[in-house]
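Asks: Build the 3D model from these lines:
(2 chains)
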Amino acid sequence: EAGVAQSPRYKIIEKRQSVAFWCNPISGHATLYWYQQILGQGPKLLIQFQNNGVVDDSQLPKDRFSAERLKGVDSTLKIQPAKLEDSAVYLCASSLYSGEPRGYTFGSGTRLTVV
Amino acid sequence: KQEVTQIPAALSVPEGENLVLNCSFTDSAIYNLQWFRQDPGKGLTSLLLIQSSQREQTSGRLNASLDKSSGRSTLYIAASQPGDSATYLCAVHGNNRLAFGKGNQVVVIP
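Replies: Here you go, the predicted structure:
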């Protein structure tokens, strides 16, 4: 089966600019997650979708970050405006459903550098 | 809130030695525990998944144990190779959330 696809792989932007990341989960996976991983840290959950509804966005900085999952498949994460501290790898993951015993599958991530 | 700790944060071993990586977690009410490998600047590759009812899982040179009651998991890598150099992340799945440790950064010296 195809894995979780993410694009772009790398992005460099200036602070105060906008950026968007795209994720295509594994076909049939109802649950989709966006994680932020700052260098030297473990990934931190930003937002979790169940189909096209938000389950958990408690750690999403909503003043600058937004995410959507149209039609319960692909998802886009946007940052507007970006800050220097947003430099991180943004990881997308999917699972059949929340609590799926077979675990999560992660994409390769998007490395964002804000200068 | 689930807290996941990985010790040691970094280690270097000569090629051929066995690796022992430790993970501890504070809330024993978990669905499962997953070990991932991450190469620099890359995404996460799942290595082993242990269900909450299991005690261990094995895949090739890798073996992971789980002691839910004490909140611990250990990843063993037998006969380490330079290609095993990477960061290993422990993730605990519970309460509809996957909580990660900061990782064990491993360097295997040829």
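Asks: Not counting its neighbours along the chain, what's nearest the closest residue to chain B within chain A?
Replies: Per CB to the nearest CB, A:Gly42 is where chain A lies closest to chain B, at 3.2 Å. From N, CA and C alone the C-beta is placed, and that goes for glycine too. Spatial nearest neighbour of A:Gly42, chain neighbours left out: B:Phe100 (3.2 Å); criterion: CB to CB, 6 or more residues apart in numbering or on different chains.
Asks: Am I right that the one you found is in contact with B:Ala91?
Replies: Yes: B:Phe100 is within contact range of B:Ala91, at 4.9 Å (criterion: CB atoms under 8 Å).
Asks: so what sits against both of the two?
Replies: Common neighbours of B:Phe100 and B:Ala91, counting by CB atoms under 8 Å, 6 or more residues apart in numbering or on different chains, are A:Gly42, B:Val4.
Asks: what does chain B have sitting close to chain A?
Replies: Taking CB under 8 Å from any CB of the partner chain as the measure of proximity, chain B contacts chain A at B:4, B:31-32, B:34, B:36, B:41-46, B:49, B:51, B:89, B:91, B:93, B:96-98, B:100-103.
Asks: ok, residue 10 - contacts?
Replies: With no chain named, the answer covers chain A. Contact analysis of A:Tyr10 by CB under 8 Å, 6+ apart lists A:Thr110, A:Arg111, A:Thr113.
Asks: um, chain B though
Replies: Here B:Ala10 is in contact with B:Asn104, B:Gln105, B:Val106, B:Val107 (CB under 8 Å, 6+ apart).
Asks: Can you say which of those residues are buried?
Replies: The neighbour count (16 or more other CB atoms under 10 Å in any protein chain shown) marks B:Asn104, B:Gln105, B:Val106 as buried among these.
Asks: Out of the residues you listed, the closest to chain A would be?
Replies: Nearest to chain A out of the buried ones among the contacts of B:Ala10 is B:Gln105 (CB to the nearest CB; 8.8 Å).
Asks: Surely that closest one and B:Ser12 touch.
Replies: No: B:Gln105 is beyond contact range of B:Ser12, at 9.3 Å (criterion: CB under 8 Å).
Asks: Overlap of the contact sets of the two?
Replies: Counting by CB under 8 Å, 6+ apart, nothing touches both B:Gln105 and B:Ser12.
Asks: sec struct for the residue of chain A closest to chain B, please.
Replies: With DSSP: H, G, I helix; E, B strand; the rest coil as the basis, A:Gly42 sits in coil.
Asks: circling back: just the ones in strands from the contacts of A:Tyr10, please.
Replies: When DSSP state E is applied, the contacts of A:Tyr10 are split such that A:Thr110, A:Arg111, A:Thr113 fall in strands.
Asks: what about the second one, how many neighbours?
Replies: Using other CB atoms under 10 Å in any protein chain shown, A:Arg111 has 18 neighbouring residues.
Asks: Assess the claim that it and A:Val89 are in contact.
Replies: Yes: using CB under 8 Å, A:Arg111 is in contact with A:Val89, at 5.1 Å.
Asks: Quickly list what's touching both of these two.
Replies: Shared contacts of A:Arg111 and A:Val89 (CB under 8 Å, 6+ apart): B:Gly41.
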